[in-house]
Each structure stands twice: as structure tokens, then as C-alpha cells.
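Peer 1: Here is a sequence with its predicted model. Questions after.
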Amino acid sequence: MGNMQIESLEIKNYRVFKDVELKSLPRLTALVGANGTGKSTLFDVFSFLKDALAHNVGKAVSRRGGFKELVSRGTTGPIAITIKFRETGGRIATY
């Protein structure tokens with residue numbers, strides 16, 4: 001399997017992330033922050049995407065307690081996650 005570089009990650013209405021965009025991510029990134037700021041939630045975004053692709057979105061949502069547990073407090077959604085990554089060979093893919 002070749003190398004893959006995440007270019008950006010946009011998260012809307014997913015738990016603590018009401019509207020966040022991470023850009024220009026280096027190959028190695030350290031996450032530092034106080035409790036409750038979203039470090040674990042950021043890792044869960046990748047786990048959610050894996051579950052959604054391996055099974056389906058409904059199963060990924062139900063594994064996390066349902067939509068009401070995932071959607072950011074004070075919002076009704078929709079939840080949106082957009083990941084852009086550079087594939088081997090340089091092509092950019094967006095999901």
C-alpha cells in the first residue's frame with residue numbers, strides 16, 4: 001500500500017465540533033489540549049468514517065449511541081465530515 005497524505009479535514013455538527021476545518025496537516029501531528037476540547041472526538045471521526053465505509057452510516061451512528069448523541073449540542077445537524085487526501089501519485093481525493 002502506498003503513502004497517503006491527509007490535506008484537510010472539515011467537521012460540522014459532530015459532537016464538540018460545530019464547524020472546524022483543519023488544513024495543511026503535516027505527516028506527523030501532535031494533539032495537545034485540555035480535557036473536553038475534542039482530542040478523543042477527532043480520533044473518533046476517523047473511526048466513524050471507517051465504520052461507515054466498512055458497514056454503513058446507520059451502523060456507525062448506532063454504535064455511538066444514535067444521532068442525538070453525535071450531533072453537536074444546540075444544533076439539529078446535519079452532521080458533515082469531509083476529508084481530502086493526496087493519493088499515491090499525487091491525485092487529490094475527497095470524501
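Peer 2: Done, it's in.

Peer 1: any residues touching the one helix or strand residue 59 maps to, and which ones?
Peer 2: If you go by DSSP states H and E, residue 59 is part of helix 57-62. Here helix 57-62 makes contact (Cβ atoms under 8 Å, 6 or more residues apart in numbering) with 48-49, 51-52, 67, 70. All C-beta atoms are positioned from the backbone trio N, CA, C, and that covers glycine.

Peer 1: wait, what's in contact with the residue nearest the centre of the chain?
Peer 2: The centroid of the chain falls nearest to residue 45 when counting by Cα atoms, centre = their mean (3.4 Å). Contacts here follow Cβ under 8 Å, 6+ apart; on that basis residue 45 touches 9, 11, 14, 17, 81.

Peer 1: Tell me who's in contact with the fourth one.
Peer 2: Put plainly, it is residue 17. Going by Cβ under 8 Å, 6+ apart, residue 17 touches 11, 38, 41-42, 45, 72.

Peer 1: hmm, back to that, give me the buried entries from the contacts of residue 45.
Peer 2: Buried members of the contacts of residue 45, counted by 16 or more other Cβ atoms under 10 Å: 9, 11, 14, 17, 81.

Peer 1: Just confirm residue 53 is within a helix.
Peer 2: Yes. Under DSSP: H, G, I helix; E, B strand; the rest coil, residue 53 sits within a helix.

Peer 1: mind checking how far it is from residue 93?
Peer 2: The gap separating residue 53 from residue 93 is 13 Å, by Cβ to Cβ, to the nearest Å.
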